[in-house]
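>>> Sequence plus predicted model, see below.
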There are 2 protein chains.
Amino acid sequence: MNIRLYNARILTMEKDRDIFFGEIWIKNDKIAFIEQQSQIDMHMSVPDLPRINWDVQIDCEGNLLMPGFKNCHTHSGMTFLRSYADDMPLAKWLNEKVFPAEAKLTPYDIYPFVKLAILEYLTAGITSIFDMYIATEATAKACMDMGMRCVLVSGLNNFTSSIEKLEQEYLDYNRRSPLLTYQMGCHAEYTCSKELLQKLSELVHRYEVSVYLHLAETQQEVKECRERYGMTPAAFLDSLGLFDFGGGGYHCVHMTDEDMEVFERRGLSVITNPASNAKLASGMAPVAEYVKRKIPVAIGTDGPASNNCLDMFREMFLVAGLSNLREMDATSVDAMEILRMATVNGSKVMNLPDTDILAKGKKADIIMIDLHQPNMQPIHNIAKNIVYSGSKSNIKMTMINGKILYKDGQFNIGEKPEDIYKACQETLEKLDL
Amino acid sequence: MNIRLYNARILTMEKDRDIFFGEIWIKNDKIAFIEQQSQIDMHMSVPDLPRINWDVQIDCEGNLLMPGFKNCHTHSGMTFLRSYADDMPLAKWLNEKVFPAEAKLTPYDIYPFVKLAILEYLTAGITSIFDMYIATEATAKACMDMGMRCVLVSGLNNFTSSIEKLEQEYLDYNRRSPLLTYQMGCHAEYTCSKELLQKLSELVHRYEVSVYLHLAETQQEVKECRERYGMTPAAFLDSLGLFDFGGGGYHCVHMTDEDMEVFERRGLSVITNPASNAKLASGMAPVAEYVKRKIPVAIGTDGPASNNCLDMFREMFLVAGLSNLREMDATSVDAMEILRMATVNGSKVMNLPDTDILAKGKKADIIMIDLHQPNMQPIHNIAKNIVYSGSKSNIKMTMINGKILYKDGQFNIGEKPEDIYKACQETLEKLDL
């Protein structure tokens, strides 16, 4: 497939490169050409263009092309619990609502709910997800069937998985599809025994890979870990050698100076989830401090049962809003830095270096932001418009791996959204949820 | 005009009335008929229907009809400053950026920017606004020209207005159009001399009307008022008799127990603006405490220069999120209560009792929420889906005063959005902003 996107504003997300007018050509899954209009006008004679057999040519009408958003922490299959139980504290919500509901599910049941989540990712300009959930196979299959780029991460814990399963999944999923990779991880310190974490550390050392997990999400988690091991979760996990090859933590709301030093020393990343942290009253992460220490911060929506939506615009605004509230400083994080978290830093965390910026040879994971909407006007500063004022309604196109999966409100995923909604509703009825 | 909306889910926002299937008929500006499908099927013979000359019949396809959102605090004309200056503390932002920029403006310049704001209100399902800004005439004209329901509120202050002008505006604007009313108010304690506030109090007593103003938005405001008068802003204003006929405060972030008692005693309302309070690092309002004390809470976006978008979905989520964070309690405010704030309580604050619920004889200020979007699925609980997961992309129709002004992404406002964007951009160029 040869696709030409012309008459566009382009934000490559390369460091210090301003937005420019120009065009992008896509050949199959990659960006084949990206150039400023002034350069094109100067060096290319117009008759050249028709010689390429374009499958699709899109007049972008001055709208913005940029790298797709990287949703660095989610549990896609949990759409089955959206608005099922809210307004509850985290522990009660997990133990009384989530776990009993999950116990009823088969991977087959989860499959349509992952598809439902993918529909929403596409409407939100999300082009890759870092997904931890009980049903990896359902998640993998739904992503492959719909064309979603997915990095699975193990949710190893005492109850529903084993170190053997993790190793098998690691070897299996990393070979399946160009859209799919798998990273080692575990659910959290508080759901894994010390023995299990030690086994994970051995595996991490054998394969020399990074590891991700829920970390310092709530005060209670940190308190209980201190009681158990006399250390914070970050210090304890580091003492087991778990972070010897990098990785990072989801949430990282309640971190001590020592925890941040572990992150600096091991080159770990923080994945912040502000909407979930607000809704579940977990707290406000010290994002400004992370930025100051140059600890890379990426952004995740968390799962739809806790958030409840899968929308990077809401998250980006909240990264700023909660950080400003926490520091009592309206200048605590810069909008452009937040856009970097949502794109470039996300690619780093997911180990998808080919998706971080728009440049020749990179994967064509591209979104188009509709600037012809009232919330994107006037155009004083496009980055600030996106971070502070953007919404799902501004996503005019979502392209993953060179395929346009969503455009002008229409999905191109091989089936009707209504059929997915229906499959979800029927599953809920079957399970009596 | 006779409009029939059928095959709809309906949330009337009447107390304790569940969502039902049914239809609504609109005759001119009012709801002429609203009924459950089961009742219609029972009592009405099908041949009756064609006897009405329908101008428009809309199959709502199971989507939700509900009262439009009431944006109870905004400065519409300030779209000219969206993304012009951000990441600054409130006082510096006002003094160094906003006031100098505003000094360049004529009311004529502001007119297209109010129209820009109205376009965004329509995309967000906002059917009435409570607007305080320097250019009341430009705001009134833009709203009348586009069909927006508007309650102007005086921004009386030491610098740009006078008590005589306020009285004249009060008498003038309340007679002009069924879409327009005017309420007395002032900008804030800290921008009005004691003498000016005393004069306002005399006017309030003469006309026996309520008064609204920015109140307890920042810690600094409260501190300085205490230094000036030995009282909090709420107590000081009450001591002048300003609240003898009701009213309320915008923001109300930093309120003492005594302040809340003033609110209870005088029957005042709080208008909360969580996105602005987060972005400008003003703080988190004690919304759960207000609800507990039965102080009515309504919701506003604040102006687009501080927020920066005009989106009640973001505000509704943040009412819950910030309250939960403040109380460290994930159950601090109920989703249905938040929907009430965004609709019924808003009508009370704006003194628009005919727009609060969907019922026969009420004004036809109705929105349609698209439930056929992935973020509204599955349907466990529609109110929670809207508050926690909703977005502008779910607004399928916005009707004000019986006129459909926005539907399926298209505006019906007598001119093209692009012409409004262009007028705004040209004004900025002219002003060198």
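Thanks, I have it.

>>> what does the stretch 1-150 of chain A put close to chain B?
Within the stretch 1-150 of chain A, the residues that sit near chain B (Cβ under 8 Å from any Cβ of the partner chain) are A:79-84, A:86-90, A:93, A:116-117, A:119-120, A:123. The way it works is simple: take the backbone N, C-alpha and C, and place the C-beta from them, glycine included.

>>> Checking residue A:231 next. Helix, strand or coil?
Secondary structure, DSSP: H, G, I helix; E, B strand; the rest coil: residue A:231 is coil.

>>> Model confidence at it, what's the number?
pLDDT for residue A:231: 98.

>>> okay but it is in contact with residue A:223, surely?
No: here residue A:231 does not reach residue A:223: they are 11.9 Å apart, not a contact under Cβ atoms under 8 Å.

>>> Compare neighbour counts for these two and give me the winner.
With neighbours defined as other Cβ atoms under 10 Å in any protein chain shown, residue A:231 and residue A:223 compare such that residue A:231 has more, 17 against 12.

>>> Next, give phi and psi for residue A:230.
Residue A:230 adopts backbone torsions of phi 70, psi 20, taken as degrees, to the nearest 10.

>>> Could you check how far it is from residue A:239?
10 Å (Cβ to Cβ, to the nearest Å).

>>> cool, and residue A:220?
Look at residue A:220 and residue A:239: by Cβ to Cβ, they are 21 Å apart.

>>> Residue A:400 too?
Counting by Cβ to Cβ, the gap from residue A:400 to residue A:239 is 40 Å.

>>> cool, and residue A:187?
Applying Cβ to Cβ to residue A:187 and residue A:239 gives a distance of 19 Å.

>>> Please, which helix or strand holds residue A:66?
Using DSSP states H and E, residue A:66 sits in strand A:64-67.

>>> who does the next helix or strand after that strand pair up with?
Beyond strand A:64-67 in the direction of the C-terminus, DSSP H and E gives the next helix or strand as strand A:69-74. Applying DSSP bridges to the sheet, strand A:69-74 is found paired with strand A:126-131 (parallel).

>>> mind listing the helices in the stretch 101-250 of chain A by residue range?
For the stretch 101-250 of chain A, helices defined by DSSP state H, counting those that start in this stretch occupy the ranges A:107-123, A:136-146, A:163-173, A:194-207, A:219-229, A:233-239.

>>> will you turn these into TSV that also has distance to residue B:324?
As requested, the helices of the stretch 101-250 of chain A are exported to TSV (distance: least, Cβ to Cβ, whole Å):
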stretch	distance to residue B:324
helix A:107-123	23
helix A:136-146	29
helix A:163-173	34
helix A:194-207	31
helix A:219-229	14
helix A:233-239	23
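
>>> which one of these is the most hemmed in?
Neighbour counts (mean count of other Cβ atoms under 10 Å in any protein chain shown) averaged over each of these peak at helix A:107-123, with a mean of 25.

>>> ok so residue A:83 is a helix residue?
No: applying three-state DSSP, one finds residue A:83 to be coil, outside a helix.

>>> and the residue nearest to it when sequence neighbours are not counted, what is it in contact with?
Nearest residue to residue A:83 in three dimensions, chain neighbours excluded: residue B:384, at 3.8 Å (Cβ to Cβ, 6 or more residues apart in numbering or on different chains). By Cβ atoms under 8 Å, 6 or more residues apart in numbering or on different chains, the contact list for residue B:384 reads A:83, A:86, A:308, B:335.

>>> Residue B:384 sits in which helix or strand?
Assigned by DSSP H and E, residue B:384 belongs to helix B:382-384.

>>> And for residue A:357?
Counting by DSSP H and E, residue A:357 is part of no helix or strand.

>>> Was I right to think it contacts residue A:14?
Yes: between residue A:357 and residue A:14 there is a contact at 5.2 Å, judged by Cβ under 8 Å.

>>> right, and the helices of the stretch 101-250 of chain A - which one's nearest residue B:135?
Nearest of the helices of the stretch 101-250 of chain A to residue B:135, taken as Cβ to Cβ: helix A:107-123 at 36.6 Å.

>>> Would you quantify the distance from residue A:34 to chain B?
Separation of residue A:34 from chain B (Cβ to the nearest Cβ, to the nearest Å) stands at 25 Å.

>>> State the pLDDT value of that residue.
Residue A:34 is given a pLDDT of 96.

>>> In space, what's closest to it - neighbours in sequence excluded?
Closest to residue A:34 by Cβ to Cβ, 6+ apart is residue A:24, at 4.8 Å.

>>> Would you agree the one you found falls within a helix?
No: applying three-state DSSP, one finds residue A:24 to be strand, outside a helix.

>>> List the contacts of it.
A:4-5, A:8, A:10, A:31, A:33-34, A:65, A:358, A:366.

>>> from those, which would you call buried?
Using 16 or more other Cβ atoms under 10 Å in any protein chain shown as the burial test, the contacts of residue A:24 include A:4-5, A:8, A:10, A:31, A:34, A:65, A:358, A:366 as buried.

>>> ok, is stretch A:259-279 in contact with chain B or not?
Yes: on the criterion Cβ under 8 Å from any Cβ, stretch A:259-279 is in touch with chain B at A:275, A:277-279.

>>> I'd like the residues you listed as a markdown table, with distance to residue B:129 appended.
Below are these laid out as a markdown table (distance: Cβ to Cβ, whole Å):
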| residue | distance to residue B:129 |
| --- | --- |
| A:275 | 26 |
| A:277 | 31 |
| A:278 | 26 |
| A:279 | 27 |
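
>>> Kindly indicate which of those lies nearest chain B.
residue A:278 (3.2 Å; Cβ to the nearest Cβ).

>>> What parts of the stretch 201-350 of chain A come near chain B?
Near chain B, when you scan the stretch 201-350 of chain A using Cβ under 8 Å from any Cβ, you find A:275, A:277-281, A:283-284, A:304, A:307-311, A:314, A:317-318, A:320-322, A:324-325, A:327-335.

>>> change it to 6 Å
Taking Cβ under 6 Å from any Cβ of the partner chain, the part of the stretch 201-350 of chain A that reaches chain B is made up of A:278-281, A:308-309, A:321, A:324-325, A:328-331.

>>> can you tell me the residue of the stretch 301-433 of chain A closest to chain B?
residue A:321 (3.2 Å).

>>> Once you drop chain neighbours, what's closest to that residue?
Using Cβ to Cβ, 6+ apart, the closest residue to residue A:321 is residue B:278 (3.2 Å).

>>> and the one you found, what helix or strand is that in?
Secondary structure from DSSP H and E places residue B:278 in helix B:274-279.

>>> who does that helix touch, helix- and strand-wise?
helix A:312-327, helix B:312-327 (3 or more Cβ pairs under 6 Å, 6 or more residues apart in numbering or on different chains; DSSP states H and E).

>>> The helix or strand just after the last one close to chain A?
Next in sequence after helix B:312-327, counting helices and strands by DSSP H and E, comes helix B:335-342. No: in this structure, helix B:335-342 remains apart from chain A according to Cβ under 6 Å from any Cβ; the gap is never smaller than 6.7 Å.

>>> Helix B:335-342 vs helix B:312-327, what angle?
Helix B:335-342 runs at 120 degrees relative to helix B:312-327, counting by axes from the mean of the first three to the mean of the last three Cα atoms, to 10 degrees.

>>> what about the helix or strand where residue A:420 lies and chain B, any contact?
Using DSSP H and E, residue A:420 sits in helix A:417-431. Yes: applying Cβ under 6 Å from any Cβ, one finds helix A:417-431 touching chain B at A:421, A:424-425, A:428.

>>> mind exporting that helix as PDB, just the C-alpha atoms?
Output of helix A:417-431 as PDB, limited to C-alpha atoms (Å, rounded to 0.1, in the frame of the first residue of the first chain):
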ATOM      1  CA  PRO A 417     -18.800  -1.800  16.100                       C
ATOM      2  CA  GLU A 418     -22.400  -2.800  16.800                       C
ATOM      3  CA  ASP A 419     -21.500  -6.400  16.500                       C
ATOM      4  CA  ILE A 420     -18.800  -6.000  19.100                       C
ATOM      5  CA  TYR A 421     -21.100  -4.200  21.400                       C
ATOM      6  CA  LYS A 422     -23.700  -7.000  21.000                       C
ATOM      7  CA  ALA A 423     -21.100  -9.700  21.700                       C
ATOM      8  CA  CYS A 424     -20.100  -7.900  24.900                       C
ATOM      9  CA  GLN A 425     -23.700  -7.400  26.100                       C
ATOM     10  CA  GLU A 426     -24.500 -11.100  25.400                       C
ATOM     11  CA  THR A 427     -21.400 -12.200  27.300                       C
ATOM     12  CA  LEU A 428     -22.500 -10.100  30.300                       C
ATOM     13  CA  GLU A 429     -26.000 -11.600  30.200                       C
ATOM     14  CA  LYS A 430     -24.500 -15.100  30.100                       C
ATOM     15  CA  LEU A 431     -22.300 -14.400  33.100                       C
END
